[in-house]
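Visitor: got a sequence here, can you model it:
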Amino acid sequence: MILMQSIKDIILSVSEDVVRNLPCSFEKTYYGKMNYSSKNTILDSNNQLLEKTIAFEIAFIHVITYFLAYGMGCSKEYLHILRILDTNRMFSWYKIKDDIMILQLNNCNIPTGKEICELINEHDRFIAKDVKKKLGQFYTPTRIAQKMVFEVRDELKVLSDQDLVVDPACGTGVFVVEIIKQMSAFLSFDKLIEFVENNMFAYDVNPFSVIATKLSVLNILLEIAPDTAHKNKFSLAVPTLNNMKWKNTITDEEKNTFSIILGNPPYFKLDSKALKDIDGYQTIIYGQPNIYSLFMHWGISHLSPNGTMSFIVPQSIRSGLYFKKLREEINSLQIKSILHIDSRQNIFDRAEQAVLIICLQNTPASNTKTKIQFTNTNQAVLSEYSIPRSKLMTDKDSNYMFIINKKFEMYGILEKVCSNSTTLAANDSLVKFSNGLFVWNQHKESLTDSPEGAIPIVYSADVQPIDFRFITSWANSKRKSFAKMTDKTCNYVLSGKRLLVQRTTNFEKDIRLKACLISDEFLNSYASYFLENHVNFLCSKSEKGKILTDEIMYYYLGLLNSKLINYAFISISGNTQVSSNELNLLPFSNNNVQDISVFVSEHLLELRERQDELDRLVCEAYDLSANETNMIIGY
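Guide: Down below sits the predicted model:
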């Protein structure tokens with residue numbers, strides 16, 4: 001449902017009055033709990049933009065509360081209801097003063113309970129993208145929340161009055177609402193009310209999210225109420241819902257443990273240096289953390305024995321180097337299921353984010369089976385199977401990466417591939433992948449369009465499968481193809497033939513590795529060059545500047561352009577970036593080196609046309625059977 005024009009006009013009109021009446025520096029109070037680190041970055045945004053956002057949210061809450069009160073037959077008491085729910089007085093300090101506005105509310109098409117739920121869930125369409133990004137605020141589609149709650153339905157059925165349930169980043173309350181719906185099937189209405197009041201918790205740093213969650217809960221309880229008498233009770237005694245709190249889950253103290261934890265935490269990067277003032281998270285911090293990893297750790301730390309936790313998290317959790325300590329912590333728990341959403345398109349409003357749903361249980365890890373399910377964005381199941389725990393995660397040496405593939409049969413092949421290979425991260429490896437060090441927008445003063453007194457910059461777009469193309473004209477006028485050598489950049493210079501791999505990858509494609517050799521034509525024109533930081537290159541472990549032999553480079557070029565290695569890569573990588581860390585952990589065989597190298601060098605120009613021949617040579621290097629080889633070729 002798109003916000004009805006008449007309702008939208010009323011909200012916008014009210015918000016104009018709210019802006020005029022906002023207390024001085026109200027944005028510092030409103031966003032005061034959003035300091036996950038020593039700096040509250042949301043307050044860096046344009047002040048007028050923040051005030052406009054806050055005013056819209058306050059107006060929105062007043063209008064939605066009015067509609068709920070209208071449905072309860074007490075619209076004149078709407079502000080009284082809001083004051084009961086708004087324990088922090090972020091919204092109820094304001095009052096719609098214009099009687100004409102109230103008249104317009106009465107005369108518009110009053111939404112039904114279902115429409116009110118939809119209105120609450122789509123409010124963020126009207127929030128500026130810059131604000132949404134800094135909040136990490138991308139609310140969960142109802143269909144995904146329903147799926148997650150359905151996955152824990154058995155656990156919900158056996159909850160007692162001693163068990164607590166929480167959404168630690170509640171958004172608009174979509175998870176809480178779906179849990180209430182599920183529990184209404186096996187609890188009487190009075191028992192359900194009692195459980196919601198005493199046992200259901202919800203936290204968020206955004207005060208709008210907390211009040212929106214309370215309104216969503218009140219709305220669904222009104223819908224579920226079995227008769228008019230039960231509905232009328234709400235007009236006399238509105239549930240306070242005091243366990244749904246304006247709270248910073250990560251930094252505020254929490255003494256409770258929870259039997260069920262469900263949520264969709266925010267996603268944004270944090271400055272690891274700024275986290276020094278936050279206790280309790282150092283065990284999972286490695287490099288630059290993302291806020292969602294802190295929520296995962298919080299959930300695991302506050303999960304009751306035998307409790308269940310289900311989170312929507314970015315696919316980067318599967319293999320990202322920065323999350324290896326978090327994966328080590330997850331490795332100690334039972335993994336009930338992993339639901340893989342097979343696209344990053346159209347999941348969240350105005351955001352492309354590859355995600356999966358991981359469901360953990362606080363019981364010792366064992367070689368039980370984990371359900372793996374692949375769905376599209378419409379939640380249609382593409383494939384589903386159960387896999388032994390021993391096949392799901394790699395060992396410590398490979399950073400506990402998750403191995404997830406659409407086809408169950410691939411696990412047997414991947415197990416064989418790993419047993420007949422080594423990684424470049426191994427101590428005895430003589431080569432490794434590194435990434436280019438030239439960051440063009442940090443050296444703008446040295447950029448130029450002319451090769452005079454400058455050397456070329458090799459960008460990621462220059463690296464295509466098999467094909468190297470040096471681009472000399474860019475749509476972005478600030479990006480240049482050459483740069484002058486300076487004291488800052490002289491250590492970034494490379495020379496000679498190199499095997500390059502593009503660091504960006506299309507998440508939706510099966511063939512995601514783009515590798516090529518720098519062309520002889522380019523090297524005949526330029527003695528040296530910079531590699532931009534979105535390009536990986538193969539180099540000697542002992543000396544990056546050392547030129548590798550043609551045999552080694554053609555061999556790895558063949559492997560990286562084979563279907564087998566691409567399928568190994570997509571089975572471990574959930575990123576839209578191809579990191580040098582992931583490349584160094586790929587299973588590379590040391591067999592058939594000469595045969596593959598000669599084949600690639602002799603057929604380089606028509607390698608795509610001879611893909612099947614290349615794939616058979618590579619599969620042979622890993623001792624795959626004829627049937628396994630045919631499966632890879634026909635994947």
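
Visitor: which residue ranges form the strands in the stretch 451-600 of the chain?
Guide: Here the stretch 451-600 of the chain has its strands, by DSSP state E, counting those that start in this stretch, at 455-458, 482-483, 493-494, 499-502, 515-517, 529-531, 535-540.

Visitor: just the ones you listed: most buried one?
Guide: When you average the neighbours per residue for each of those (mean count of other CB atoms under 10 Å), strand 529-531 leads with a mean of 25. Yep, even glycine has a C-beta here, placed from its N, CA and C like the rest.

Visitor: now for residue 8, how many residues are close by?
Guide: Using other CB atoms under 10 Å, residue 8 has 15 neighbouring residues.

Visitor: in what helix or strand does it lie?
Guide: Counting by DSSP states H and E, the secondary-structure element that holds residue 8 is helix 5-21.

Visitor: now do that helix: everything it contacts.
Guide: Residues from elsewhere that reach helix 5-21, judged by CB atoms under 8 Å, 6 or more residues apart in numbering: 3, 51-52, 54-56, 58-60, 62-63, 94, 96-98, 101, 104-105, 108-109, 111, 119, 126.

Visitor: tell me how the chain divides into domains.
Guide: The chain breaks down by automatic domain parsing into domains covering 265-404, 431-633.

Visitor: mean pLDDT lowest for which of those domains?
Guide: Between the domains of the chain, the one with the least mean pLDDT is domain 265-404; it has a mean of 87.

Visitor: now the end-to-end length of that domain.
Guide: 22 Å (CA to CA, to the nearest Å).

Visitor: nearest to residue 239, out of the domains of the chain?
Guide: Each of the domains of the chain has some distance to residue 239 by CB to CB; the shortest is domain 265-404, at 24.2 Å.

Visitor: so who does residue 201 touch?
Guide: Residues 164, 165, 166, 167, 243, 244, 245, 256, 258 are the ones in contact with residue 201 under the rule CB under 8 Å, 6+ apart.

Visitor: what about 6 Å?
Guide: In this structure, residue 201 makes contact with 166, 243, judged by CB atoms under 6 Å, 6 or more residues apart in numbering.

Visitor: host element of residue 218?
Guide: Counting by DSSP H and E, the secondary-structure element that holds residue 218 is helix 207-224.

Visitor: could you pull out the helices for the stretch 451-600 of the chain?
Guide: Taking DSSP state H, counting those that start in this stretch to define them, one finds helices in the stretch 451-600 of the chain at 520-525, 550-560, 563-572, 580-584, 593-602.

Visitor: now these as a markdown table including distance to residue 300?
Guide: Written out in a markdown table, the entries for the helices of the stretch 451-600 of the chain read as follows (distance: least, CB to CB, whole Å):
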| stretch | distance to residue 300 |
| --- | --- |
| helix 520-525 | 50 |
| helix 550-560 | 36 |
| helix 563-572 | 22 |
| helix 580-584 | 24 |
| helix 593-602 | 44 |
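
Visitor: what would the domains of the chain look like in TSV with distance to residue 209?
Guide: Putting those into TSV (distance: least, CB to CB, whole Å) gives the following:
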stretch	distance to residue 209
domain 265-404	10
domain 431-633	27
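
Visitor: closest one to residue 73 among the helices of the stretch 451-600 of the chain?
Guide: Among the helices of the stretch 451-600 of the chain, helix 563-572 comes nearest to residue 73, with 56.6 Å by CB to CB.

Visitor: so that closest one versus helix 550-560, what angle?
Guide: Computed by axes from the mean of the first three to the mean of the last three CA atoms, to 10 degrees, the angle separating helix 563-572 from helix 550-560 equals 60 degrees.

Visitor: which residues sit against helix 563-572?
Guide: 319, 401, 403, 405, 511-513, 559, 587, 615, 618-619, 632.

Visitor: centre of the chain to the lengthiest helix in the chain, how far?
Guide: When the chain is parsed with DSSP state H, its longest helix is helix 47-71. Here the centre of helix 47-71 is set off from its chain's centre by 28 Å, with CA atoms, centre = their mean, to the nearest Å.

Visitor: contact partners of the helix or strand following the helix holding residue 218?
Guide: Sequence-wise, the next helix or strand beyond helix 207-224 is helix 228-236, with elements assigned using DSSP H and E. Contacts of helix 228-236 with the rest of the structure, by CB under 6 Å, 6+ apart, involve 72, 74, 189, 222, 225.

Visitor: and if you look at stretch 237-245?
Guide: Contacts with stretch 237-245, where a contact means CB under 6 Å, 6+ apart, come from 81, 84, 197, 201, 202, 203, 210, 213, 214.

Visitor: 8 Å - rerun?
Guide: Applying CB under 8 Å, 6+ apart, the external contacts of stretch 237-245 come out as 81, 84-85, 87, 170, 173, 176, 193, 196-203, 210, 213-214, 217-218, 221.

Visitor: same check on stretch 83-98?
Guide: 14, 17-18, 21, 23, 29-30, 58, 61-62, 65-66, 79, 82, 102, 207-208, 210-211, 214-215, 218, 238, 240-242, 246.

Visitor: on that earlier part again, mind giving me the packing neighbours of the helix holding residue 218?
Guide: helix 47-71, helix 78-85, helix 113-121, helix 174-183, helix 189-199, strand 200-204, helix 228-236, strand 244-246 (3 or more CB pairs under 8 Å, 6 or more residues apart in numbering; DSSP states H and E).

Visitor: for the longest one, give the mean pLDDT please.
Guide: Per-region confidence: helix 47-71 scores 90 on mean pLDDT.

Visitor: relative to helix 5-21, how tilted is that helix?
Guide: Orientation check (the same axes, to 10 degrees): helix 47-71 against helix 5-21 gives 130 degrees.

Visitor: can you give me the buried ones in helix 47-71?
Guide: With burial defined by 16 or more other CB atoms under 10 Å, the residues of helix 47-71 counted as buried are 50-71.

Visitor: relative to helix 78-85, how tilted is that helix?
Guide: Computed by the same axes, to 10 degrees, the angle between helix 47-71 and helix 78-85 is 110 degrees.

Visitor: quick check: angle from helix 47-71 to helix 113-121?
Guide: When the same axes, to 10 degrees is applied, the directions of helix 47-71 and helix 113-121 differ by 170 degrees.

Visitor: what's helix 47-71 packed up against?
Guide: For helix 47-71, the packing partners by 3+ CB pairs under 8 Å, 6+ apart are helix 5-21, helix 26-30, helix 78-85, helix 99-107, helix 113-121, helix 129-135, helix 207-224.
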